[in-house]
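1. My questions are about this predicted structure, shown below with the sequence.
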2 protein chains.
Amino acid sequence: MTNTAQQNDLANAIRSLSMDAVEKANSGHPGLPMGCADIATVLFTKVMKFDPADPHWADRDRFILSAGHGSMLLYSSLYLLGYGDMTIDQVKNFRQLGSKTAGHPEFGHATGIETTTGPLGQGLANSVGFAVAEAKLAAEFGADLVDHHTYVLAGDGCLMEGISQEAISLAGHLKLNKLIVIWDNNNITIDGKVSNADSTDQIARFKAVGWNTIEIDGHDQGAIEKALLDAKASTDKPTLIAAKTTIGFGAPKKAGTEKVHGAPLGAEELAGAKAALGIDYPAFEIPAPILESWRAAGTRSQNLRGEWEARLAKSDKRDEFTRRMSGKLPADFSRAMADYKRKLAEDKPKVASRKASQMALEIINKNVPETLAGSADLTHSNLTNTPETVPFQADNRLGRYMMYGIREHEMGAAMNGVALHGGLIPYGGTFMVFTDYARPAIRLSALMEQRVIYVMTHDSIGLGEDGPTHQPVEHLTALRAIPNLLVFRPADAMETAECWELAMEAKHPSILALSRQNLPALRTEYSAENKSAKGAYNLVGPTDADAVIFATGSEVAIAVEAQKELTEKGISARVVSVPSMELFAQQSDAYKAEIIGTAKARVAVEAGIEMSWNKLLGDKGRFVGMHSFGASGPIDALYGHFGITPKAVVEAVTAQV
Amino acid sequence: MTNTAQQNDLANAIRSLSMDAVEKANSGHPGLPMGCADIATVLFTKVMKFDPADPHWADRDRFILSAGHGSMLLYSSLYLLGYGDMTIDQVKNFRQLGSKTAGHPEFGHATGIETTTGPLGQGLANSVGFAVAEAKLAAEFGADLVDHHTYVLAGDGCLMEGISQEAISLAGHLKLNKLIVIWDNNNITIDGKVSNADSTDQIARFKAVGWNTIEIDGHDQGAIEKALLDAKASTDKPTLIAAKTTIGFGAPKKAGTEKVHGAPLGAEELAGAKAALGIDYPAFEIPAPILESWRAAGTRSQNLRGEWEARLAKSDKRDEFTRRMSGKLPADFSRAMADYKRKLAEDKPKVASRKASQMALEIINKNVPETLAGSADLTHSNLTNTPETVPFQADNRLGRYMMYGIREHEMGAAMNGVALHGGLIPYGGTFMVFTDYARPAIRLSALMEQRVIYVMTHDSIGLGEDGPTHQPVEHLTALRAIPNLLVFRPADAMETAECWELAMEAKHPSILALSRQNLPALRTEYSAENKSAKGAYNLVGPTDADAVIFATGSEVAIAVEAQKELTEKGISARVVSVPSMELFAQQSDAYKAEIIGTAKARVAVEAGIEMSWNKLLGDKGRFVGMHSFGASGPIDALYGHFGITPKAVVEAVTAQV
């Protein structure tokens, strides 16, 4: 131990608050805050730039606690630094309903929480998006306005999760030199020693993907500071600082063991730890001199911020930078989309909705400079590219296209990071079926309510010969099940344009489920109203029809065909297109009643499973769709084989009227 | 090129069939089969042991085409080797509905397909399970009966997916020396050069996790053979063979580019490739001398198999080995479970269903030696351990417990491999919310209909303070959406025992959704019939009640409490426990009608979202459950806050009667 008494006092303040909060809650994880208190002390009091008086300062350094279970490390630090919303009462209410101090850090609960963490590896994976956003915005707006670092604290759990490899290999490839990851190398996981389950040489692993690496004693504050400054000096590589720590540092019997990971210390062990650490003050009562030192550290970047504000005020990029960071779309976005929709009404293109998406993106990317496009190695299938989207690479920070590689999970997590950073709107593509690979990140997009747009093509058996491993069947339902997520499945080019518009304007993440196969134009008149905005609307047929047919995406054309056949048979029917069940659920009861209606026959058709339709179908409705996994074969053979045809819809209707 | 003409002829037979099949289907991936034909030729004609006359021979080497899009490599090889079900007509019907030659290899379609691949990384991840199963069974039954290798062909896509890191780090840790991975190192992905998106030094990466590595020219059959023999000689490490190949080898204009990855060559390029390769025979017509050489290679392990059969016939372990490989449970399993259920009826334990699961496992693991337990680093939370489950490690191949580490995705994929290998029944635990991390593997368990048992504890907001990142809300619905998957949510210890019994006997994968919190005993009488087997049944209350309340798991006790309160108010109600919606859906219409009934009031209560209940609820039913993400707080506060209480159920009923 080479720390000064003052350094130890600062670190012990974190330890003390963390132990006390966990003890009071009778729940939580004291081990990490105790083990990483020295690291946090150096980061927050010496190295990072931020200002608790303006926690949203655009050019602040970001800190991401990827090992989110150690949340008390962050809450303690934020309180000590003087973040106004992190009061001592919040610390005392750790893990209580309604507090800002949830079990794991929740974005939006308190300032200083840059992202929601807890599911392991996600914070590390987010951080790549933060660093990409910083690098791109610095290239666009200059280092005068954008020049900050992203710091991550990650544990063995983060590094064992597969997503960590996707994250670090992408970061290394992109040479994100302003990304600095500190590995809490404590040799312990929940089930005991890391060596029970893993023998990875982490230093060699990170070097293999192009990282700078530094190994230090994680309890030596001088060494920590030097490592961080060396890492900041890196010009071409992200840096891993492997910090050897003792989990539960200070706990006399439990330190260095899994026993201190995820449970309160207990009164005796807590008293022993405080004695060992020299903490002689009462629970939650940090002595004034220590608190004052922390608070002084909290204000130490105020001058930097002042200088930055002055530069921004003088900058000719001020308005654009401010707009971009506010998340507001360009003023003429709506007009550009309206022009495009007028053109669609004239052209009536018969295209796949993935192609229609690309056509919409050609308008969007031209008019909205903040989109950051990308694909997980399926660019020419997802059609996520436009003339503007030159690749973002180590040698082109102005690029607008992320070549995410075959890393769907990292794509989702990186997009979360980009959105959280601000200044850019990320969208990214893969096959719909691979939403499964990205699902933990999609869930966090939804939980954090971030504007992340997932462009998911090949959205049904309609993809054909690639077969059941590539054919989504349960995915529309499984995604609709996630709260706060908008799932769009547009029926033609016009609806695709409308859904893109909604996704761009949304306060939530969106999934665009898009077809591989061509779809006829069904909406051939220009409408100033965005009809998709209500989630479901009457597309064709009289409102007092005897039958109502609900459909989405590629199956709307099947419903329309069935409607014609029914009309010929003398059965009046209407077709309701349902581009988004979530938006429909938000409409007034009156509107819902109008759309659902009281027709004798009710049918839904979608090339997916039934589950998400049962609410609309009710007792009497019938479903035409999938009841099993798909199969490999040409598209027409598959639709016939699985009975998703106008004929099947007609039969389902006639059985009811 | 140092190959002999004969060696080239053998490899070109694969190339020719693959090019022709893709061309005829007008769909598919010629690049990999052309690039890896030399590798496959050496593997199948020189190195691997198998017998097309007995494709299920227990001691065969396994080949896993992790890069499943290159399926024609496998189909061509199986045809050439003389697998009876892989006829030339099947090859000609590549990617057609009903053929055995699906776009990606589908387990169960044809012999020689050891696992379904296509979603990248999954085959590599399965292979770890295959190699674990081999090592464990070899330790149990001796090398006389079990002594084979697992070979994997993986592409850059497999290695870029995060799951690959989980797989190789686990394999390296476990020193699975009989696992040999050949990396088709062709520098190309769908979007172009690998170097667009990745700069990983794969050799260094594999060395960092304890692998042996060999680098070769993947078109030099002599070098391939030597590398494979060197790999087989490894006694303490798995081996990576980095084989430099040219994608689309032989195609005059497209070889070495992404253009040959996933589309037919076209007539001109195909003719050019055949000319360049010296293929002078018509499409699908392999000349007799070449076919005969292949067929001779196909029979070359017949002696080995004969010797093995003789050893098995003489072995005192024959009956047990045969039973184990057949997948049949021990004869006295049912009796042991019946005894245990009698004891439960006496004891009436009030325990969490995760604890009840451990109690059931104490019976199962004692009576069923083939269970292979495990957890993704949450052993003492999942309670997946019993006295029998000493860890499976490099120095203890007899261990029965997989310390999977923080690798949920690999756990699922490895369990698929274990189940596919045969001889073992894998189960593994993590938190329910992290089914998201394992979802692509769970889907493949279901698609392949493998007996894999997912022990998913902490199955609702009932886990309390860890908060929304750890609280499943949409997961029951999202899992019920997957075809072929049994989702069990038992209400007490008795139902947990029944559900475990069903999972052990199932032909499908199972999810056991289990509570963290204690649950009262609700089934306090012994029943010879497994009541959970029908998926839903009347638990309490008169069959002609005015109200029916459906519930699962921890909410059944809430429903029972509500039923009592309703009875006191003079409203007769019955409670239906629904341990498995999937099994209930399989019952007769009469049984379903009886259970659903015609009561005036219908309510469902589950601490998850509503979607999967709408079919049962119909037009008039009401749902008591979650409508958003959860929150951090003590369990009682959460159930109150989200309104999942007996009071809420009573109100939902009284609003209808």
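-> Now that the structure is in, tell me what you want to look at.
2. Verify the stated contact: A:M415 with A:G429.
-> No - applying CB atoms under 8 Å, one finds A:M415 not in contact with A:G429, separated by 10.9 Å. For every residue, glycine as well, the C-beta is placed using N, CA and C.
3. quick check, A:M34 in a strand?
-> No - with DSSP: H, G, I helix; E, B strand; the rest coil as the criterion, A:M34 is assigned helix and is not in a strand.
4. Residues that sit against both of A:M415 and A:G429, list them.
-> A:G374, A:Y454 (CB atoms under 8 Å, 6 or more residues apart in numbering or on different chains).
5. How about the contacts made by A:S293?
-> Contacts of A:S293 by CB under 8 Å, 6+ apart are A:Q6, A:D9, A:L10, A:T45.
6. so how far is A:G218 from the second one?
-> Read that as A:D9. 18 Å (CB to CB, to the nearest Å).
7. Likewise for A:E225?
-> For A:E225 relative to A:G218 (CB to CB), the value is 12 Å.
8. would CSV of the contacts of A:S293 with neighbour count, distance to B:P105 and pLDDT be doable?
-> Shown next, in CSV, are the contacts of A:S293 (neighbours: other CB atoms under 10 Å in any protein chain shown; distance: CB to CB, whole Å; pLDDT from 0 to 100):
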residue, neighbour count, distance to B:P105, pLDDT
A:Q6, 12, 64, 96
A:D9, 21, 63, 98
A:L10, 25, 59, 98
A:T45, 22, 57, 98
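9. What is the most widely separated pair among those residues?
-> A:D9 and A:T45 (11.2 Å; CB to CB).
10. ok, is the one helix or strand A:I364 maps to in contact with chain B or not?
-> Following DSSP states H and E, one finds A:I364 within helix A:353-367. No - Helix A:353-367 stays clear of chain B (CB under 8 Å from any CB of the partner chain), getting no nearer than 14.8 Å.
11. Just the buried positions in that helix, please.
-> A:353-361, A:363-365, A:367 (16 or more other CB atoms under 10 Å in any protein chain shown).
12. do stretch A:281-292 as well
-> Within stretch A:281-292, judged by 16+ other CB under 10 Å, the buried ones are A:I286, A:I290, A:L291.
13. do the same with stretch A:313-333
-> Going by 16+ other CB under 10 Å, stretch A:313-333 has these buried residues: A:S315, A:F321, A:R324, A:M325, A:L329, A:F333.
14. helices or strands next to the helix holding A:I364 in the packing?
-> Helix A:353-367 is packed against helix A:333-347, strand A:371-375, strand A:453-457, helix A:493-505, strand A:510-514, strand A:518-519, with contacts defined by 3 or more CB pairs under 8 Å, 6 or more residues apart in numbering or on different chains; DSSP states H and E.
15. possible to save the ones you listed as JSON lines with mean pLDDT and distance to A:N303?
-> Formatted as JSON lines, these follow (pLDDT from 0 to 100; distance: least, CB to CB, whole Å):
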{"stretch": "helix A:333-347", "mean pLDDT": "98", "distance to A:N303": "38"}
{"stretch": "strand A:371-375", "mean pLDDT": "98", "distance to A:N303": "32"}
{"stretch": "strand A:453-457", "mean pLDDT": "98", "distance to A:N303": "39"}
{"stretch": "helix A:493-505", "mean pLDDT": "98", "distance to A:N303": "38"}
{"stretch": "strand A:510-514", "mean pLDDT": "98", "distance to A:N303": "41"}
{"stretch": "strand A:518-519", "mean pLDDT": "98", "distance to A:N303": "58"}
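16. contacting residues around A:T379?
-> A:N385, A:Y401, A:M403, A:G429, B:I190, B:D191.
17. Can you lay out the helices and strands packed on helix A:353-367 as JSON lines showing distance to chain B?
-> Putting those into JSON lines (distance: least, CB to the nearest CB, whole Å) gives the following:
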{"stretch": "helix A:333-347", "distance to chain B": "27"}
{"stretch": "strand A:371-375", "distance to chain B": "7"}
{"stretch": "strand A:453-457", "distance to chain B": "13"}
{"stretch": "helix A:493-505", "distance to chain B": "20"}
{"stretch": "strand A:510-514", "distance to chain B": "14"}
{"stretch": "strand A:518-519", "distance to chain B": "16"}
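18. Now do the SS call for A:I406.
-> coil.
19. Isn't it up against B:L120?
-> Yes - applying CB under 8 Å as the test, A:I406 and B:L120 come out as touching, 5.7 Å apart.
20. list residues touching both of those two?
-> With CB under 8 Å, 6+ apart, A:I406 and B:L120 have common neighbours B:G157, B:M160, B:E161.
21. Go back to those residues and keep what's next to chain A.
-> Answer for these near chain A (CB under 8 Å from any CB): B:G157, B:M160, B:E161.
22. care to break chain A down by domain?
-> A:29-306, A:332-513, A:534-655 (the TED database).
23. Deepest-packed of these, please.
-> domain A:332-513 (a mean of 24; mean count of other CB atoms under 10 Å in any protein chain shown).
24. What I need now is the buried residues of helix A:353-367 written out in JSON lines, including pLDDT for each item.
-> Output for the buried residues of helix A:353-367, formatted as JSON lines (pLDDT from 0 to 100):
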{"residue": "A:S353", "pLDDT": "98"}
{"residue": "A:R354", "pLDDT": "98"}
{"residue": "A:K355", "pLDDT": "98"}
{"residue": "A:A356", "pLDDT": "98"}
{"residue": "A:S357", "pLDDT": "98"}
{"residue": "A:Q358", "pLDDT": "98"}
{"residue": "A:M359", "pLDDT": "98"}
{"residue": "A:A360", "pLDDT": "98"}
{"residue": "A:L361", "pLDDT": "98"}
{"residue": "A:I363", "pLDDT": "98"}
{"residue": "A:I364", "pLDDT": "98"}
{"residue": "A:N365", "pLDDT": "98"}
{"residue": "A:N367", "pLDDT": "98"}
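25. Tell me the one among those nearest to B:L78.
-> Nearest member of the buried residues of helix A:353-367 to B:L78, counting by CB to CB, is A:R354, at 34.3 Å.
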